[in-house]
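Trainee: 3D model of this:
(chains A and B)
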Amino acid sequence: MFTDFFYVLKEKGLSVSMTEWITFMEALNKNLADSSLDRLYYLGRMILVKTESDFDKYDLAFMEYFKNIKHQDEVPAEIMKFLDKEGMEPDRQNIELYSYEQKRDMNETKRVFRERVTEQNTEHNGGNYWIGTSGGSAFGHTGRNKGGIRVGGKSGMRSAFQVNGERKYVDFRHDKTLDIRQFQVAFRKLRQFSSRIDAAKTELDLDKTIDSTCNNGGYLQLEFEKPRKNTVKLLLLFDCGGTMYPFMELCNSLFQAVYKANHFKDVKTYYFHNCIYSKLYKTAECEYGDWVDMEEIFRMTDKDYKVIIVGDAQMAPEELFDVNGNYRGPNDGKSGYEWNQIFSKKYKKIIWLNPRRHQGLSSSLAWMEAEDTLAQIYNMYPLTVDGLKEGITKLMAPK
Amino acid sequence: MNKQEMKFTGSKTYVASEELMTAVDVAMALEKPLLIKGEPGTGKTMLAEAISDALGKKLYIWNIKSTTKAQDGLYVYDTIQRLYDSQFGEEGVDDIARYIKLGKLGEAFKDEEQVILLIDEIDKADLEFPNDLLWELDKMEFYIHETKETIRAKHRPIVIITSNAEKELPDAFLRRCIFHYISFPERDEMDEIVRVHFENLDENLLKYAMDTFYWIRSIKEVRKKPSTSELIDWLQALMLGGIDPETIGEKIPYLGVLVKKDEDLEIVKKRRI
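Mentor: Next up is the predicted model:
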């Protein structure tokens, strides 16, 4: 049943496993969907999707697969439930007062409706008899009839189509640019990978020692464990000003997330404008003279620092390639390109997060030249949850 | 027990959405753990209590901390007590079973009736933690090596697991769960939730308080958005303080109850003026 749905889900980028699919089939066999499209929608989602960031993909897949379902296949059970529901007094009154030209009791309306559902097999818009839109019959929506039974349409039942038509989970999507909480979750990964460090077993494990000693019949047996400290040291470089203005809030979130994480052994932050040259600024204002020499930074940090550069890599080609390309400070005899080369060779792990990453654009565009060149020097990722995750995986990957 | 009785429909103190009730039903019918995720203060932990109330079943709560290990939930072998006892020549030292203490999972398995087991805030523990429980939650049994005994659930417990999404849970674990995400309540849902907590609530007070509450939540710059539990505390404070409802929006009395961070307080105060 619904095997094609499985492939539609895959197509939308959901990784549904066989285990989950079989569970879903089992649920259907147990009739947990209750022949209701609404319940089917939730049932599928709760079994097949395990994170709210994928809800949107599921909605799209569900919409695509079930959009062609015929009305009579699913409406009756839903409608009957709707009519049978307690606390529907106003509607009941409406039905009694207005339905179908003359006064009619609810059971009669229901009976007629049932009849229609079995008779009807096409779509109806206008007209006075069938379930459809814009007509005078008591069934359907957007019609002249003031009461009757609304089938679909606005403010009627909350049908599954409406629910997913709203795409209300679109905000949770991972490929959307992210906020601080999501940044924090992503940065936790930097600890995740570092909690089991590459070190000798040097710490006495008291619990294990006691266990082993007891099991050893009281003869002391020492047990050692690796120290579980986070050794990740971070060097953060932010591009500030100019084309980065639109991303200030985003960069600020990233900055906050790093500082709140406080599980790193060390974090150093410096700033640059457009391109890295011989000096890095101490503050985001990038004021003339308020800087540190690159040499000094190289002295203070070793090659094990993980480097994250945040910038949009937007600049004129001469800013990158000309030995006098730095229009706000000194170049010290080397072009930005050379400085980037030197910098990239100093550290083992560097990633570049770009809030404006253009992928698949021709490098023959003048303003793409710098970005393309830098993307060849550094591993460049878009500044999104997925991008950051990918980048962090890169930072933590063994050489 | 027949199907009718096993249906969960919310309880007197807990307002459950239809979606959530479906999820609970499905998890029970399929005998899978129900994983609940959502913003803090959306009532994840309370859900288990509500189900336990509604179904009249005993509730075991296993609170997870960063140091919790899967083994703790099964059983603990108290080697230190045994060593201690042996030094003083206590009787029964050779009986290992005396030093095996069952954890929450073990207790839930051993119970004579079907119970509800809440594994609260599973994401607090080590990343491998959920994987270590796969077998136990699948088969509902575990083996005690020291006594060569197998503990098997007499009645499969209804397992509810909550997570604050601090850490990603492993895929193998997720595949076995029924997943439900509690989104932050819309205003009308919140109305209902609040009424469950207060019997005689002044309509005016509620209206102005809710306006302010959702206004603060809508400010993008506020980092730690106030949640349901903070709203309830705040309403309580407003009532006790005998605040004139009309002034709530302007003055926002007891703002510190709603907003806890200094930066956020600044932002709210600035916006108000």
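
Trainee: what is the burial count for residue A:25?
Mentor: Neighbourhood size, residue A:25 [other CB atoms under 10 Å in any protein chain shown]: 15. Quick note: C-beta positions are derived from backbone N, CA and C, even for glycine.

Trainee: equivalent analysis for the one 10 residues further on, please.
Mentor: Look at residue A:35: counted by other CB under 10 Å, it has 13 neighbours.

Trainee: so it, which state does it fall into?
Mentor: coil (DSSP: H, G, I helix; E, B strand; the rest coil).

Trainee: from residue A:369, how far out is it?
Mentor: Using CB to CB, to the nearest Å, residue A:35 is found at 60 Å from residue A:369.

Trainee: again with residue B:228
Mentor: 52 Å.

Trainee: what does stretch A:325-335 rub up against?
Mentor: Stretch A:325-335 is contacted from outside by A:273, A:275, A:277-279, A:286, A:288, A:291, A:318-324, A:336, A:342, using CB atoms under 8 Å, 6 or more residues apart in numbering or on different chains.

Trainee: end to end on that stretch, go ahead and measure it.
Mentor: Stretch A:325-335 has an end-to-end distance of 7 Å (CA to CA, to the nearest Å).

Trainee: buried set for it?
Mentor: Of all the residues in stretch A:325-335, those buried under the rule 16 or more other CB atoms under 10 Å in any protein chain shown are A:325-326, A:329, A:331, A:334-335.

Trainee: go through the residues you listed and name the one nearest chain B.
Mentor: residue A:329 (32.5 Å; CB to the nearest CB).

Trainee: point out where the stretch 51-200 of chain A drops to low pLDDT.
Mentor: When residues are selected by pLDDT under 70, those of the stretch 51-200 of chain A lie in A:68-182, A:191-199.

Trainee: hmm, 80 instead?
Mentor: Within the stretch 51-200 of chain A, the ranges that satisfy pLDDT under 80 run A:53, A:67-200.

Trainee: quickly find the element holding the residue most central in space within chain B.
Mentor: With distances taken as CA atoms, centre = their mean, the residue of chain B nearest its centroid is residue B:45 (2.1 Å). Assigned by DSSP states H and E, residue B:45 belongs to helix B:44-55.

Trainee: three-state assignment of residue A:238?
Mentor: Assignment for residue A:238 (three-state DSSP): strand.

Trainee: how near is it to chain B?
Mentor: Using CB to the nearest CB, to the nearest Å, residue A:238 is found at 20 Å from chain B.

Trainee: count the neighbours of that residue for me.
Mentor: Neighbours around residue A:238, by other CB under 10 Å: 25.

Trainee: now do residue A:267, the pLDDT please.
Mentor: Per-residue confidence at residue A:267 stands at 86 (pLDDT).

Trainee: no no, residue A:339
Mentor: You'll see residue A:339 listed with a pLDDT of 92.

Trainee: which residues touch it?
Mentor: Residue A:339 sits in contact with A:275-278, A:294, where contact means CB under 8 Å, 6+ apart.

Trainee: hang on, the earlier thing: so between residue B:228 and residue A:369, which is more surrounded?
Mentor: The residue with more neighbours, out of residue B:228 and residue A:369, is residue B:228; 20 against 17, by other CB under 10 Å.

Trainee: I figured that one hits residue B:190, correct?
Mentor: Yes. Residue B:228 lies in contact with residue B:190 (CB atoms under 8 Å); the separation is 7.2 Å.

Trainee: those helices in the stretch 101-250 of chain B, which residues are they?
Mentor: Ranges of helices in the stretch 101-250 of chain B, per DSSP state H, counting those that start in this stretch, are B:104-110, B:129-132, B:134-139, B:171-175, B:187-197, B:203-218, B:228-240, B:248-251.
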